[in-house]
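Peer 1: predicted model and sequence follow; I will ask about them next.
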Amino acid sequence: MALSLFQDPFFFPSSRQLAQTTEDMQTMSRLGACDIQETETAHIFHIDAPGMKPDEIHIELKDNNVLLVSGERQAKHEAGDGEGPDKWHRIERSFGKFSRAFHLPDNTDLDNISAGFNDGELTVTVPKAAEKPSRNRRIAIQ
C-alpha cells in the first residue's frame, strides 16, 4: 500500500517544496520522482533522472540525517519566436532544477551510503546499522 506524503517517514519538505506553484509540482513529479524500498539490510532510493549525466546530480548528507538529492537537466531547445526553419511545435520533456530531501531513520549506517546511476535512474543505497544491544538490564539491590 502506498503512503501519502504525510504518512511517509522519509518525507522531509524543504521550504521550496512547501511554496511551489502547481507548475513546479508537475515538473517535480517528472524529474526526481522517487520510489523508496526497504530490505532487511538497507533503504534503497530509486530516483528518476532521465536525460541526465551522473555529474549533473548532487547527493549530500546534511545534519539531522537528511539525504539531499538535487540536480538540473538543461533544456535541449532554444527559446525563439517560432519563426524560421527550426520551429518547436511541442515541448513535453521536463527540464530544470529539482531537489529532494529525505529524513533518514535512526537505524542507518551513514558512513557506508553508496550511489549508482544506470539508464536514467539514480539508485542510492543506505545500509541499515547493526542493531545495538539493549541497554536495559536489571540492577540487583544489595
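Peer 2: Cool, got the structure. Keep in mind the model is a prediction, meaning the values are calculated, not measured.
Peer 1: and residue 116, that's in a strand?
Peer 2: Yes - membership of residue 116 in a strand is supported by DSSP: H, G, I helix; E, B strand; the rest coil.
Peer 1: ok, now which ones touch it?
Peer 2: Counting by C-beta atoms under 8 Å, 6 or more residues apart in numbering, residue 116 touches 122-123, 125. Every residue, glycine included, has its C-beta placed from N, CA and C.
Peer 1: show me which of the residues you listed are buried.
Peer 2: For the contacts of residue 116, a neighbour count by 16 or more other C-beta atoms under 10 Å gives the buried set as 122, 125.
Peer 1: pLDDT of stretch 92-100, averaged?
Peer 2: Stretch 92-100 shows a mean pLDDT of 84 in the predicted model.
Peer 1: span of that stretch from start to end?
Peer 2: Terminal residues of stretch 92-100 lie 22 Å apart, using C-alpha to C-alpha, to the nearest Å.
Peer 1: buried residues, it. List them.
Peer 2: Buried residues in stretch 92-100, counting neighbours by 16+ other C-beta under 10 Å, are found at 94-95, 98-100.
Peer 1: for the contacts of residue 116, which one is nearest residue 131?
Peer 2: Nearest to residue 131 out of the contacts of residue 116 is residue 125 (C-beta to C-beta; 18.6 Å).
Peer 1: let me know the helix or strand that that closest one is in.
Peer 2: Per DSSP states H and E: residue 125 is located in strand 121-127.
Peer 1: extract the C-alpha set from that strand and format it as CSV.
Peer 2: Output in CSV follows, covering the C-alpha atoms of strand 121-127 (Å, rounded to 0.1, in the frame of the first residue of the first chain):
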residue,chain,number,x,y,z
GLU,A,121,17.8,6.0,-12.7
LEU,A,122,19.8,7.1,-9.7
THR,A,123,20.0,4.4,-7.0
VAL,A,124,21.1,5.5,-3.5
THR,A,125,21.6,2.6,-1.1
VAL,A,126,21.6,3.5,2.6
PRO,A,127,22.6,0.4,4.7
